[in-house]
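>>> the sequence isn't on hand, but the structure is:
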């Protein structure tokens, strides 16, 4: 999976920003890469370099890419409980504080406009239509121009408006076709425009700001930049309404929770500063003439829980307490020695320069978190205070050096800082996990909607296929009926053919039937026997072209007369011929016109042998 350092992915984001002005560099990489890869899968590409080249060649792909990255999942009164609290409690209180004055609201990341119109309905319920139009302006912004175009139309399908309570739906929407349109006179108070929360200047002097489930797509650094702009946009008592996946745990200096469960936050006016370290002021030491007072201070010094040493103006050791003796190995022999000759002057820290600074500037000098190791090897953390001493006249007497053992406090501080870091990390991980879950949920919701659309299309296609199947079944039934009818006709024809074959075959005379073109339609067995031509050779051939012993040319005119005259009686001819055995024979040929019901015309020739006495024979 590519990271923020992936040069190919960063080059792709830079190209998108340069070409279309969309800056996605502040988006969380895991979610952003997942969405870009989804689009790459749809166009069949595997590497970011290839997709970069694809965008160069196909600029129309930008629209599909932005539609994939910018999941415009929203709805009217999303998270109903939070909107009920806003409409029942927070907005009425805001309207009372702004009585008679204009009210400005900003819906940042408005997508297709449902939440901006939800705000408009709540304000109208509280103020009434006239006051709403006169006093309220709602600015709705997004970086997706296509979503803004949809929002400006203010027309939504019935499924989207179903989230609006029925009474409000009847009051604020007008049926248009299969959907609903927001009332035009109220629509004019909602102003839509393009605004990039990361790059563009925020809208200012805002009373109510909704930015729901937008920050969760941004990384921590970009979230901080956006929250600074939202903080600037709100009035001092302005209200911020976030999505349920956004917590603002790391931005307590900008906003304080007003209702953390429902994600309402109040702006903290002004800017916060780190507390300055408090310096200990140096006091003046009076010149004690009273010995008892001197002994008292000496006892107090010796019994102090902190290690202390006193130096005079000559930088000589005047006094040290028991704690200093044990901590640094000092003894009575060191009293009166120059401080620079003592190991203490440079260990655990270089003290000569701070001493000079304290005496010359006449102010306390602190050295924090100085590391020191006891003789037993135990590490210590010391805060060292170099404090100049002076009498009542202001004359310097020397300095006192106090070594405060803050090891325990530093350890507690480190433990506390470590615990705070772990807690902050856990909060950030929790917030990130919550945001990722919300992102995944929105992606799943988008996928479910796509699957529902695909399912509806498949269902419609299935219905069309079922209709086509029924039509095909009906056609198949008709074809089966037609086949049955054809089969019955074929059976009848077969029966007739069998009958005709039986009749023709049973005749003792040769029989031939010709059509109007003179081609043979029938040729019985007796004709085969007479002339030596098989039926399969004769049928379909012109009779007058057959090479047989019968003088067929003399049949041309009689056949034509039978076929073409309107009323022609049978004609008889007696012809001399030669049979298939080469013997001369005399043949009586009777020609008869044959007509069926169409009517189709044919001529039938009955050929019978005649002997010398006029009887028939073979």
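That came through fine. Since we're looking at a predicted model, the values are computed, not measured. Numbering: from 1, shown residues only.

>>> which regions of the stretch 451-600 of the chain sit below the pLDDT cut-off?
566-568, 596-600 (pLDDT under 70).

>>> so where do the helices sit in it?
525-531, 535-538, 556-564 (DSSP state H, counting those that start in this stretch).

>>> could you pull out the buried residues of stretch 88-97?
For stretch 88-97, a neighbour-count test (16 or more other CB atoms under 10 Å) marks 90-91, 94-95 as buried. The C-beta positions use only the backbone N, C-alpha and C, and glycine is treated the same way.

>>> filter the residues you listed down to the ones in helices?
Per DSSP state H, helices hold the following members of the buried residues of stretch 88-97: 91, 94-95.

>>> would TSV of these with distance to residue 152 be doable?
TSV is the format used below for those (distance: CB to CB, whole Å):
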residue	distance to residue 152
91	24
94	26
95	27
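
>>> which single one of the residues you listed is nearest to residue 176?
Relative to residue 176, the closest of those is residue 91; by CB to CB it sits at 28.3 Å.

>>> and residue 226, backbone torsions?
phi -70, psi -40 (degrees, to the nearest 10).

>>> wait, it touches residue 216, no?
No. Contact criterion CB atoms under 8 Å: residue 226 and residue 216 do not qualify, at 11.4 Å.

>>> and those two? Which one has more around it.
Between residue 226 and residue 216, counted using other CB atoms under 10 Å, the more crowded position is residue 216 (24 against 21).

>>> the more buried one: what secondary structure?
Of the three states, residue 216 takes helix according to DSSP: H, G, I helix; E, B strand; the rest coil.

>>> element containing the closest residue to it other than its chain neighbours?
Excluding its sequence neighbours, the residue lying closest to residue 216 (CB to CB, 6 or more residues apart in numbering) is residue 435, at 3.4 Å. Element membership of residue 435 [criterion: DSSP states H and E] is helix 407-506.

>>> so which of the ones in helices among the buried residues of stretch 88-97 would you say is closest to residue 601?
Nearest to residue 601 among those is residue 91, at 101.7 Å by CB to CB.

>>> state the next helix or strand along the chain beyond the lowest-mean-pLDDT helix or strand in the chain.
The helix or strand of the chain with the poorest confidence is helix 291-302; it has a mean of 49 (mean pLDDT, DSSP states H and E). Downstream of helix 291-302, the next assigned helix or strand under DSSP H and E is strand 307-312.

>>> who does the helix or strand following that next one pair up with?
Per DSSP H and E, the first helix or strand lying C-terminal to strand 307-312 is strand 317-320. When pairing is defined by DSSP bridges, strand 317-320 lines up against strand 307-312 (antiparallel).

>>> for the helix holding residue 435, enumerate the helices and strands it packs against.
Using 3 or more CB pairs under 8 Å, 6 or more residues apart in numbering; DSSP states H and E, the elements in contact with helix 407-506 are helix 29-43, strand 379-390.

>>> again, only using 7 Å
strand 379-390 (3 or more CB pairs under 7 Å, 6 or more residues apart in numbering; DSSP states H and E).

>>> can you pull the buried residues of the next helix-or-strand element following the strand it packs on?
Later in the chain than strand 379-390, the nearest helix or strand by DSSP H and E is strand 396-405. By neighbour count on 16+ other CB under 10 Å, the buried set for strand 396-405 is 397-405.

>>> and strand 396-405, how far from the chain's centre?
Strand 396-405 has its C-alpha centroid displaced from the chain centroid by 68 Å (CA atoms, centre = their mean, to the nearest Å).

>>> strand 379-390 and that strand, what's the angle between them?
For strand 396-405 against strand 379-390, the angle by axes from the mean of the first three to the mean of the last three CA atoms, to 10 degrees is 160 degrees.

>>> what mean pLDDT does strand 396-405 get?
Strand 396-405 carries an average pLDDT of 90.

>>> when you give positions from now on, start the count at 38
Sounds good: first residue 38 from here, last item strand 433-442.

>>> touching that strand from outside, list them.
Residues from elsewhere that reach strand 433-442, judged by CB atoms under 7 Å, 6 or more residues apart in numbering: 322, 343-350, 355, 364, 388, 392, 395-396, 417, 419-428.

>>> make it 6 Å
If you take CB atoms under 6 Å, 6 or more residues apart in numbering as the criterion, strand 433-442 is touched by 343-350, 392, 395, 417, 419-428.

>>> paired strands for that strand, with orientation please.
strand 344-349 (antiparallel), strand 416-427 (antiparallel).

>>> looking at the ones you listed, which is buried most?
strand 344-349 (a mean of 22; mean count of other CB atoms under 10 Å).

>>> for it, give the mean pLDDT please.
Mean per-residue pLDDT for strand 344-349: 91.

>>> quick one: that strand to chain centroid distance?
Distance of strand 344-349 from its chain centroid, counting by CA atoms, centre = their mean, is 72 Å.

>>> for the residue lying closest to residue 189 once chain neighbours are set aside, what are its contacts?
Nearest residue to residue 189, sequence neighbours excluded (CB to CB, 6+ apart): residue 229, at 5.2 Å. For residue 229, the contacting residues are 177, 185, 188-189, by CB under 6 Å, 6+ apart.

>>> mind running it again at 7 Å?
By CB under 7 Å, 6+ apart, the contact set of residue 229 is 150, 177, 185, 188-189.

>>> please apply the same query to residue 385.
Contacts for residue 385 (CB under 7 Å, 6+ apart) come out as 407-409, 419.

>>> now it, what's its secondary structure?
Of the three states, residue 385 takes coil under three-state DSSP.

>>> read off the pLDDT value for it.
We have a pLDDT of 88 for residue 385.

>>> dihedrals phi and psi, it?
phi -80, psi -10.

>>> before we move on, what about residue 350?
When read as degrees, to the nearest 10, the backbone of residue 350 gives phi -60, psi -20.

>>> now do it against residue 434, distance only.
Using CB to CB, to the nearest Å, residue 350 is found at 7 Å from residue 434.

>>> go through the contacts of residue 229 and say which is closest to residue 61.
Using CB to CB, the shortest approach to residue 61 within the contacts of residue 229 belongs to residue 185, at 18.0 Å.

>>> what is the residue nearest to the closest one when sequence neighbours are not counted paired to in the beta sheet?
Nearest residue to residue 185 in three dimensions, chain neighbours excluded: residue 229, at 5.2 Å (CB to CB, 6+ apart). Beta-bridge partners for residue 229, by DSSP bridges, are residue 177.
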